[in-house]
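> Sequence and predicted structure, then a few things I'm wondering about:
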Amino acid sequence: MTTSTTARIWKPEIETMSREELRELQGRRLREQVAYVHERSPFYRRKFAAIGLEPGDVQGVDDLRKLPFISKDELRRSQDETPPFGDHVCATREEIAWLPSTSGTTGTPLLLPRTAADIETWTELNARAFTAVGIGPDDIYQNILTYNWIYGGMALHLGAQRTGAVVVNAGMGNTEKQIWALKYMGTTAFHATPSYLIHLGNRFAEAGETDQLKVRSIVAGGEVGMAGAEAKARLRRLFPRVETLADVGGVTDVGTMIWAECREMCGGHLAEDSVICEILDTETGEPVAPGEVGELVFTDVVTKGAPLLRYKVNDLTRVDEAHCDCGRTLARIPDGILGRADDMITVRAANVYPSAIDEIVKSFAEIRGEYQVIIDKPGDLDVMTLRLERAGDLSAEAERDLLRRIDDRVKMNFGSRAEIELLDPGTLPTFVYKAKRIIDKRKGESEQDAVDKAAEQQRG
């Protein structure tokens, strides 16, 4: 039985259970899921047979590492070879109730068959996450995520609706109407990518209309850039009346809000009862030490349409099991997603994560949210250029001081200098989601790639 949102915990019997009880629940669900996929899916039967694994070999979480990894490329091949769904899918045609897909930004869109039971499961999990953020019956929730094709927008809509909130199905784009709705409808909570949040905040600040907003809660996901202190400080300056700035996240292929920050805002609580999380070394595939950064690997133990076991999502993060004052015992992702394993860039032998650049940019009030990083190697050495937009007019002296402070911060974080360019507001492309801000010319990328992607997003 779910609780009211006034208690701030949607399902306390799960969210506050002991770590020992959680591990037992995970083990039971894992055993059931392994048996289920083996019975239902030729894909999984082949994977298991290739390593001599029988379903009975997996009795608990300690046996998780006996299972083979799964990659998105394997799922795409499964779909191509056994269209339209692929033989990794466990539900029959008659059991499938919803057919969203991935965005296709990294290849052919992957179909994500969902059963009626899956829809109910993830509606509950998303309601749980929204309740942690503080969203409930007193809220008007403006959902600024896409409803087209992919899973996220509609799944989050259903979750917010389950909490009792009024849902505005805004979808992405059409900034002028988003601004109108935020003011006219009295929106108290909204959900967007970090890029778009800053874009909206700048628009309100420039128009002097920030005080017209009634927003109490802001939810951000879909990109690197919300979990850090600098990002939240920047958004607090843009939205000074907001009480909760929550980082949430998930993987479309698995589920929507796999983690969500509570009102303590010290990292997103994982839905560990439903999706078991491993943090593994990117080179060896072995677990990293507690608290260290590694690649996220998810095992979904609740979905029935197309469940994914030991699914490598290529995201880098760390996990913290320390006590949270909200009372939840579920582990947290304290830093959000640091970036994708293949997005990490190396400049003069230093590893540079997108999240680290994002934190630097958001720490300076004189800089707008949009930025661009150009990596090139015109000679023997790598050169990193950081292109930033001024938030307003600066005197020559103030601009020199700003450049010096940015340069000092870059050297402190990365151990080497960067060329820094200050640009007028509106010079750089504005992204709605999945911003393309790092241009690595060493790989043949160009600034025009980012311009084209932003233009495509604005067209919807």
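In hand now; what should we look at? Numbers count the residues shown, from 1 in each chain.

> domain assignment for this structure?
1-340, 345-459 (automatic domain parsing).

> The longest one - what's its average pLDDT?
It refers to domain 1-340. Average pLDDT, domain 1-340: 92.

> so where's the longest strand in this protein?
strand 367-376 (DSSP state E).

> what sits up against that strand?
By CB atoms under 8 Å, 6 or more residues apart in numbering, the residues outside strand 367-376 that reach it are 194-195, 198-199, 201-202, 234, 345, 347, 357, 361-362, 382-391, 402, 425, 428-431, 437-442, 447, 450. Yep, even glycine has a C-beta here, placed from its N, CA and C like the rest.

> returning to what we had before: quick one, which of the domains of the chain is packed in tightest?
domain 1-340 (a mean of 19; mean count of other CB atoms under 10 Å).

> follow-up on the earlier one: what lines up beside the longest strand of the chain in the sheet?
Strand 367-376 pairs in its sheet with strand 383-390 (antiparallel), strand 438-440 (parallel), by DSSP bridges.

> With just CA atoms, put it into PDB.
Backbone C-alpha positions of strand 367-376 (Å, rounded to 0.1, in the frame of the first residue of the first chain) are rendered in PDB as follows:
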ATOM      1  CA  ILE A 367      29.000  33.200 -17.800                       C
ATOM      2  CA  ARG A 368      25.700  31.900 -19.400                       C
ATOM      3  CA  GLY A 369      25.000  28.200 -19.400                       C
ATOM      4  CA  GLU A 370      26.000  27.400 -23.000                       C
ATOM      5  CA  TYR A 371      29.600  26.600 -23.700                       C
ATOM      6  CA  GLN A 372      31.700  24.700 -26.200                       C
ATOM      7  CA  VAL A 373      35.000  22.800 -25.800                       C
ATOM      8  CA  ILE A 374      37.200  22.400 -28.900                       C
ATOM      9  CA  ILE A 375      40.000  19.800 -28.800                       C
ATOM     10  CA  ASP A 376      42.500  19.900 -31.500                       C
END
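
> circling back: point out the one among the strands paired with strand 367-376 that comes closest to Phe298.
Each of the strands paired with strand 367-376 was scored for nearness to Phe298 using CB to CB, and the closest is strand 438-440 (25.0 Å).

> Which residues does that closest one contact?
Applying CB under 8 Å, 6+ apart, the contact partners of strand 438-440 are 343, 345, 354, 357, 372-375, 445-447, 449-450.

> out of those residues, which one sits closest to Lys411?
Checking the contacts of strand 438-440 one by one against Lys411 (CB to CB), the nearest turns out to be Ile357, at 13.5 Å.

> In which helix or strand does the closest one reside?
If you go by DSSP states H and E, Ile357 is part of helix 354-362.

> hmm, who's touching that helix?
The contact list for helix 354-362, computed with CB under 8 Å, 6+ apart, reads 194, 224-225, 227-231, 233-234, 335-339, 343-344, 367, 369, 371, 373, 386, 388, 406, 409-410, 413-414, 437-438.

> Where helices are concerned, which of these count?
Mapping the contacts of helix 354-362 onto helices (DSSP state H) picks out Pro194, Ala229, Glu230, Ala231, Ala233, Arg234, Ile406, Arg409, Val410, Asn413, Phe414.

> Now do Val383, the pLDDT please.
The model's pLDDT for Val383 equals 88.

> any idea how far the residue nearest to it when sequence neighbours are not counted is from Arg234?
Nearest in space to Val383, with sequence neighbours left out and distances taken as CB to CB, 6 or more residues apart in numbering, is Asp376 at 5.2 Å. Separation of Asp376 from Arg234 (CB to CB, to the nearest Å) stands at 28 Å.

> quick one: least confident of the contacts of strand 438-440?
Among those, Asp343 has the lowest pLDDT, at 66.

> Without its sequence neighbours, what residue ends up closest to Val133?
Val133's closest residue in space is Ala246 (CB to CB, 6+ apart), at 4.4 Å.

> pretty sure that neighbour contacts Arg216?
No. Taking CB atoms under 8 Å as the definition, Ala246 is not a contact partner of Arg216, at 11.3 Å.

> residues shared between the contacts of those two?
Contacts common to Ala246 and Arg216, judged by CB under 8 Å, 6+ apart, are Gly134.
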